[in-house]
Structure formats: structure tokens, C-alpha cells
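1. No sequence on hand, only this structure:
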């Protein structure tokens, strides 16, 4: 199913590209540029690309082949930029001469399948969520869950934790959160795009997780908010660092984004996991672009920056419509400054002006 | 030059004075040499491609073997997290073998039954439609089987069939372990059932070929001395074609071993080994399908995945080679 999605993305990107090459003959300055990587931001990149094409006739060919594939392609310089959900480690960025910057923010939300439980009705604490995924809490009427949910009738039913079987940025974000809230999780499982899950079932893609949860009474899963919102899934409340129970809302994600420590984070890999604000949703993360600091094609590189510059300025509405969270304004300005300072052409002059 | 001669050849043959075509003419001889050369090239190309693949997988997987040694094939610890990264193929090897063998347990009796029905019992006019229907099963793409398995079969298994088996069998000593709950629908058991359906058309057509090769005289002689249909089946047809039947079964096994999309959908993708057939698992191919996209070039994860692929290659190769040998020795003899 994710393949189908990626396929349609590719088809769209390809048609954009075809369109582009036909159009290049007419207006001057139209540039075709390519990117590959993360599937999570693909819908917003494609929407932006369509708008950008209408405005400038420059066209982006974005292939949603997965973050790992995107990193491989940009390391090999077969595309103009790579896209990745999990930030690329600092040493890899340096050895491959890449600048990393965020584009939009997304969040991960738990979903459940329980009779009589409505969306955002069930309350979960970080410890309970971690213990469910550790396989330590196995029944829905466990005291730990019942204590959080006075007045909610919980069934005597086995819990099936559902996770992403394919490596994914979503899993990276979710396991980073669980590592942050549970020392036990951190030492036995850890955070990565895929991990050794102590309990439960794996399914492919957001839609696979949602499908498995839908198929199984008593299942709990985690998906991108974008996906949960578009499909009206039964999300839950989650207790944040300040101890408040929150339903997943765009305001909560924004609060997390502005609470993040952008000042002290290298390559914009600021953590938005478990930020302290009273209204901040605890599982929030940006998705990233990797751009060569020594591009072999300066025109395409300039176009990539022009494209994201335009998206930062004029693309917020499109992003919000698709349930993504735009970056805070000061972060955007920092990214622009980084472009100017770090991306140089062959003569050493900055490409972004 | 080559192209020209090959184009000329059929022209000459199709000309109204067709009898004028001479194979001994120098032109014909040259065309023939070129044709033979092309055939050799095609044949050798296949060998080269297979060899290159094997070498490439072997080299790609080498870092994993260097890092973990023989432990890679026996360890059941598949853990990609950076702090305690470790890869062992044990779970996937187990999952691959269990699902494939269990698929054969389901499909061998069914295929053999259909094949015998088609060759001996079914009224002649109905043989063709049934045969075609069986063949059509093979035309269904594996992703469709996967989606069907996930959305239709798994819920049915969970609600009706697995509870029945759990209630009926899980109290038994030892065997009961295989049928321990909970009923989730997805898992090893459901995967094997769907795999069985997927290899069934292929195995059925092989069996039909084998059973048709049993000389009619022997069967008629057996009927003549008063054998029932069941007795002819068990004492004449099956023993006569035994080796080829085993070979055909191995070919089916070879197919089940490598099946990917369907398995990735229904097996539950858990890197754990469980004694219960209703539990989740993973196979080599499902593990590859799930993890290859996100593995970085040069990473230990990718090397381990390539080593998994190499292992599957070797297993399939051995199974298919053995199967071919058994089938050939019978059908040709």
C-alpha cells in the first residue's frame, strides 16, 4: 500500500518532470531539479512543487523512496537534495559535505481499537505507553491504565501493540520518545528507524499499522498525525512532560516546535521530543533536507534553495491544509542564513543570495 | 551484417520458389553460424548473470559474516538499534522453513487430490474447465494474495477458525503448544495457508503430468483385479510417480521459500520465535522487503540483509537443483 502511494507520488513527480521539460523551451530560467527520500513529507513537497511550477515553471522531481534511500542517493550525488525523517548523524553530514535543514514538522500519535472508546477519550501516560510496548502491561483492564481512566469502562482484553515493520522515520521518532520517558526502554530496546520490538506485531507503512489496529480488537498502534487526521482514526490522549493530558492538536504540535531548543542544536536537529511546555504534545519531530555544500550543479542547488525559500514564505497554508506544522519564523530565518554561509559554488562564492 | 543475414534467411524461405532455399549455401551457413553463436551467447549470459548475482550477494554480505561469524546463521537476535546492534538470521531462517514446510503440508494433499481427480475421476468434459480454474490461481499477482490475506482471510481466521482450533487442540500435551492462543488472524498459520494456495496451481500441473505418465495398462490391470479407485491411487499411481512427485513438491517448496509480498502482509513481522503457529514471525524475504529501503549503503544492516539474501539464494538453489534432478530422472526414464 505504501508502495502504491510511493508509486503515485512518483507518477505525479514524473508527470511534473515531463511537463517541466516541455515547458523549458518556452520561458527562460526554468530549472528541473531532483530530490529523493522520506515518504512522510512527500504529499506536501508534491503540493508545493505543483504550486511552484505554476509560478516559476521550474519543476521538482521528488521520489518518495524512503529516508534511507534518500540518504544513499544524496551521498552518491545522484539527486540534487536528499530528504530524511530522522536527522542524519553529524559525522555522516560532515564526511559527505552536506547541510541539513528542516522543512515541516509532524507528530506521532497513538491509535487504539476498543469497543465504546471514542477518539481522544482514552488517557495514556508515558510510562504506561512504554510498558505496553515493552510487553509488561498486557491487558486493557490493567490497574495502571484503569487508574488514569476513572469512569471509562475498560475491557478484560489482551493488548496487541502494533509497530512499523519497515524501517521508518515514524519509528525513529516514536522510539526516541519511548527512550526519553523510559530508562527501561532505553537500555533494552533503544531508538532507531527499526528496533527489536519486545512485543506485538509489525505492519508495513502507516496504512498497514492502521489496518492491523482496525482488524484487531484491543490493538494499539502509532501513526503520523497527518495519516490519523486524514483517516479519522481513534487517537488517544497522552500525558506530556508538564503532567497534562492532551489530545493531539495542531496547537499542541506548534507549542512543542516553539519550545524546542533551536539555539543549541547543530544542523537544526533540535529535539521536539517531550518538550517542557504545558500545552506541548510530547511526540513531535521535524523532517529534514540534506543539501550538498559543494554542489556539482550550482544552478540546480540554487533552485533547491529558491524552492524551499518560496515554500517557507508562501507554502504554510498548503502545509497546514495537509495537516503538517510549518516551522517557526525564526527557524526559517536561521535556515536562510545557513544557506548563505555554507553552500558555495566552485569558486567559493555563496550560491544563495 | 548479422542482422542482414538473419533478415534475408526467412525471406528466402518464404519466397514463392521456396524449394530453392539451400542450407548448404555459404550465406545459409553463415546465418546458421551467427544463429548458433547468438544461442550460445544467450545461454552463457544466463549463467553469467546468475553467477554475478551470487558473487555480488556473497561480497555484499561478507561484512556481516566477518562481524558475527557463524553466529549470524544461528543467533536469534536481530537488533538494529545503534547501541546494541546485532544481526542474526535464526528467526528468519526458522520462519522461512516453517511457513514453507507448513504450506506444503496443506498443499501436497490438495494438489495431489486435484491432480488425481483431473486425470482419473473427473468426467472428461469437466477436466479442462477445472484445470483452467486451477491455472488461473497462478495468474493472481502475489500482492493481491497479500491484500486478500490481510483484509479478508486474517479476520475470518481470527473470528472463526483460530478460536475453534485453540479451543479444540490447545489442551493437548506438546502438540497443544502449536495451537496456543491468542487468535490474531495474522501469523505463521495464516501465512502458510495462503502460501499453500499460491503454490497449489504449479504443483497440481506438475502432478498431473506425473500421473499422466503412469501407463494406462498398469492402472487398468489394477482395476481389473478388483482395486478400488483409492487403491489404484495409493498402490499404483503414487508409487509409480513417487520420485517425480517428490521432485514436484520440492519445486513447490522452492516457490514458497522466496515468496515475499504476501508474507510481508500476513506474517505479522515480529523478529521473535514462538512455539505457537498462530504467533507472528518473519521470513528472509519479508525481512528484506521491510528493511532494505531504509538501510544505508555500507551499513552493517545492509550487509546483513545481503547475507540473508545470499542464504536464501543458496537454499533455493539447492532445493531446486535437487527437485530438478528428481523430476528429470523419473520423467525421462
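-> Sure thing, it's come through. Computed from a predicted structure; not experimentally measured. Numbering: from 1, shown residues only, chains lettered A, B, ... in the order given.
2. from here on, contacts and neighbour counts on C-alpha atoms
-> Noted.
3. what about residue A:60, helix or strand, and which?
-> Taking DSSP states H and E as the criterion, residue A:60 maps to strand A:59-63.
4. quick one: the strands in chain A?
-> For chain A, the strands defined by DSSP state E cover A:32-37, A:59-63, A:81-84, A:98-112, A:123-124, A:160-164, A:201-203, A:219-224, A:237-239, A:245-246, A:272-273, A:283-292, A:325-326.
5. out of those strands, deepest packed?
-> Comparing those by mean neighbour count (mean count of other CA atoms under 10 Å in any protein chain shown), strand A:81-84 comes out on top with a mean of 30.
6. what separates that strand from the chain centre, distance-wise?
-> Here the centre of strand A:81-84 is set off from its chain's centre by 12 Å, with CA atoms, centre = their mean, to the nearest Å.
7. Now do that strand, average pLDDT.
-> Taken as a whole, strand A:81-84 has a mean pLDDT of 93.
8. Looking from chain B, tell me which residue of the stretch 251-353 of chain A is nearest.
-> Chain B sits closest to residue A:290 of the stretch 251-353 of chain A, with a gap of 14.8 Å, by CA to the nearest CA.
9. Who is that residue paired with across the strands?
-> Applying DSSP bridges to residue A:290 yields these beta-bridge partners: residue A:82, residue A:100.
10. so who does it touch?
-> Residues in contact with residue A:290 (CA atoms under 8 Å, 6 or more residues apart in numbering or on different chains) are A:71, A:74, A:81, A:82, A:83, A:84, A:98, A:99, A:100, A:101.
11. swap the cut-off to 7 Å and go again
-> By CA atoms under 7 Å, 6 or more residues apart in numbering or on different chains, the contact set of residue A:290 is A:81, A:82, A:83, A:98, A:99, A:100, A:101.
12. and which of the residues you listed is nearest residue B:122?
-> Lowest distance from residue B:122 to the contacts of residue A:290 (CA to CA) belongs to residue A:83, with 59.9 Å.
13. Quick check: the closest one touching residue A:289?
-> Yes. Shown here, residue A:83 and residue A:289 form a contact pair, counting by CA atoms under 7 Å, at 4.4 Å.
14. Enumerate the residues of chain A near chain B.
-> Contact residues, chain A versus chain B (CA under 7 Å from any CA of the partner chain): A:66-69, A:72, A:165-168, A:190-192, A:194-196, A:201-203, A:215-216.
15. Next step: those residues restricted to helices.
-> A:67, A:68, A:69, A:72, A:215 (DSSP state H).
16. give me every residue that touches the fourth one.
-> For residue A:72, the contact set (CA under 7 Å, 6+ apart) comprises B:296, B:297.
17. and residue B:172, how many neighbours?
-> Residue B:172 has 12 neighbours, counted by other CA atoms under 10 Å in any protein chain shown.
18. ugh, wrong one, residue B:69
-> Residue B:69: 13 surrounding residues under other CA under 10 Å.
19. One more: residue B:227?
-> By the criterion of other CA under 10 Å, residue B:227 has 16 neighbours.
20. what do you get for residue A:155?
-> 14.
21. how close does it sit to residue B:163?
-> Applying CA to CA, to the nearest Å, the value for residue A:155 to residue B:163 is 19 Å.
22. Equivalent analysis for residue A:78, please.
-> Going from residue A:78 to residue B:163 by CA to CA gives 52 Å.
23. ok, now residue B:148?
-> Distance, residue B:148 to residue B:163, using CA to CA: 21 Å.
24. who has more neighbours, the two?
-> residue B:163 (19 against 16).
25. and the nearest residue to the more buried one once chain neighbours are set aside, what is it in contact with?
-> Nearest residue to residue B:163, sequence neighbours excluded (CA to CA, 6 or more residues apart in numbering or on different chains): residue B:183, at 6.2 Å. With contact set as CA under 7 Å, 6+ apart, residue B:183 has these partners: B:158, B:162, B:163, B:278.
26. Distance of residue B:183 relative to residue A:116?
-> For residue B:183, the distance to residue A:116 - CA to CA - is 21 Å.
27. thought residue A:261 was touching residue A:270?
-> Yes. Using CA under 7 Å, residue A:261 makes contact with residue A:270 at a distance of 5.9 Å.
28. Neighbour count for the two, which is higher?
-> For residue A:261 versus residue A:270, neighbours defined as other CA under 10 Å are more numerous around residue A:270 (18 against 14).
29. residues contacting that one?
-> A:260, A:261, A:262.
30. pLDDT score assigned to the second one?
-> Here, the pLDDT recorded for residue A:261 equals 84.
31. How about residue B:251?
-> Looking at residue B:251, the pLDDT reads 89.
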